[in-house]
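A.B. asks: Make a model of this:
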Amino acid sequence: MGTHIAELNRKQKGPNHPRWKGGRIITPLGYIAICRPGHPRASIARRYVLEHLLVMEQQIGRPVRRDEIVHHINGNKQDNRIENLELMSKAEHDRIHALLTDRAGLMRRRRAQRRSRS
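C.D. replies: Residues are numbered from 1 along each chain as shown. So this is what the prediction gives:
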């Protein structure tokens, strides 16, 4: 009997599958992905697209190009409100993250210096 149920589950996909959770998943990197089979940017078994890409595509009225990055302004990978997203080149995105990394390192060094003085 268990084999029969497992076989049925394998044949059922999407909303018909008993473990369907609405087509939204959280990726291992913490992004929200939406089930969109056939989308040109679909990954994760060629069925899921990162939600922030879909939100930006809807806003700009065209697909996000491969050389463009959708940046989360507040750093929260799951905050996909359009006001938190910014479309930019990979070079711009790398520059922003380099500045953020440098600033975080500077703050850590300053805290360590303050601790060593006390």
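
A.B. asks: Point to the residue nearest the middle of the protein.
C.D. replies: Within the chain, the residue whose C-alpha comes closest to the C-alpha centroid is residue 31; the distance, by Cα atoms, centre = their mean, is 2.9 Å.

A.B. asks: In this structure that one contacts residue 77, no?
C.D. replies: Yes. Taking contacts as Cβ atoms under 8 Å, residue 31 lies within contact range of residue 77: 5.0 Å. All C-beta atoms are positioned from the backbone trio N, CA, C, and that covers glycine.

A.B. asks: Now for those two: what residues contact both?
C.D. replies: Counting by Cβ atoms under 8 Å, 6 or more residues apart in numbering, the residues touching both residue 31 and residue 77 are residue 52.

A.B. asks: Can you pull out the low-pLDDT segments for the chain?
C.D. replies: Screening the chain residue by residue with the criterion pLDDT under 70, one finds the ranges 1-11, 20, 118.

A.B. asks: Try it again at 80.
C.D. replies: Within the chain, the set of residues satisfying pLDDT under 80 comprises 1-22, 44-45, 101-118.

A.B. asks: which helices and strands does the lengthiest helix in the chain pack with?
C.D. replies: Longest among the helix segments of the chain by residue count, using DSSP state H, is helix 90-117. The contact analysis (3 or more Cβ pairs under 8 Å, 6 or more residues apart in numbering; DSSP states H and E) places helix 90-117 against strand 68-72.

A.B. asks: Using PDB, write down the CA coordinates of the strand it packs on.
C.D. replies: Taking only C-alpha atoms (Å, rounded to 0.1, in the frame of the first residue of the first chain), the coordinates of strand 68-72 have been written out as PDB:
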ATOM      1  CA  GLU A  68      21.900  43.200 -14.500                       C
ATOM      2  CA  ILE A  69      21.600  42.600 -10.700                       C
ATOM      3  CA  VAL A  70      18.500  43.200  -8.600                       C
ATOM      4  CA  HIS A  71      20.000  44.600  -5.300                       C
ATOM      5  CA  HIS A  72      18.100  44.400  -1.900                       C
END
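
A.B. asks: Quick one: classify the residue lying closest to residue 48 once chain neighbours are set aside as helix, strand or coil.
C.D. replies: Distances taken as Cβ to Cβ, 6 or more residues apart in numbering put residue 33 closest to residue 48, at 3.9 Å, once the chain neighbours are dropped. Taking DSSP: H, G, I helix; E, B strand; the rest coil as the rule, one finds residue 33 in the strand state.
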